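# Okay, here's the prediction I keep looking at, along with the sequence it came from:
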Amino acid sequence: MVIEQADVGGRQWRTVRFQMVMNARVLLKTKSFDTTEEQTQFAPLPVGLGYRQAIQTLRGSATASAPGIR
């Protein structure tokens, strides 16, 4: 298992990479799980931002980086 953290600004530390590889035996079969999660482009938001404004901010950044996604 790998967990990486980074300073994302303003003395805020966040997990930026999580990787896990696991093998499990279920009855007579072996299952393998290999997952990696990476998070990037952290940006500070104003204090007191409501959830509706936060959703609008996320939608705005998603459509700017990947056209056609809503």
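Received it, and whenever you're ready, just let me know what you need. Numbering: from 1, shown residues only.

# Cross-check the contact I'm expecting between residue 4 and residue 14.
No. Applying Cβ atoms under 8 Å, one finds residue 4 not in contact with residue 14, separated by 10.0 Å. Every residue, glycine included, has its C-beta placed from N, CA and C.

# Show the contacting residues for the nearest residue to residue 4 once chain neighbours are set aside.
Excluding its sequence neighbours, the residue lying closest to residue 4 (Cβ to Cβ, 6 or more residues apart in numbering) is residue 17, at 4.0 Å. Counting by Cβ atoms under 8 Å, 6 or more residues apart in numbering, residue 17 makes contact with 2, 3, 4, 36, 37, 38, 39.

# again, 7 Å this time
Residues in contact with residue 17 (Cβ atoms under 7 Å, 6 or more residues apart in numbering) are 2, 4, 38.

# Dump the residues you listed into JSON lines; add pLDDT as well.
Output for the contacts of residue 17, formatted as JSON lines (pLDDT from 0 to 100):
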{"residue": "2", "pLDDT": "92"}
{"residue": "4", "pLDDT": "94"}
{"residue": "38", "pLDDT": "92"}
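
# quick check, nearest of those residues to residue 23?
Using Cβ to Cβ, the shortest approach to residue 23 within these belongs to residue 2, at 16.4 Å.

# wait, the closest one sits on residue 19?
Yes. Between residue 2 and residue 19 there is a contact at 4.2 Å, judged by Cβ atoms under 7 Å.

# And those two? Which one has more around it.
residue 19 (13 against 9; other Cβ atoms under 10 Å).

# Find me the pLDDT at the more buried one, would you?
In the predicted model, residue 19 carries a pLDDT score of 95.

# Assign a three-state SS to it, would you?
For residue 19, the secondary structure call by DSSP: H, G, I helix; E, B strand; the rest coil comes out as strand.

# beta partners of it?
residue 2, residue 36 (DSSP bridges).

# what's around the residue nearest to residue 40 when sequence neighbours are not counted, how many residues?
On the basis of Cβ to Cβ, 6+ apart, the spatially nearest residue to residue 40 that is not a chain neighbour turns out to be residue 16, at 6.9 Å. Using other Cβ under 10 Å, residue 16 has 16 other residues around it.
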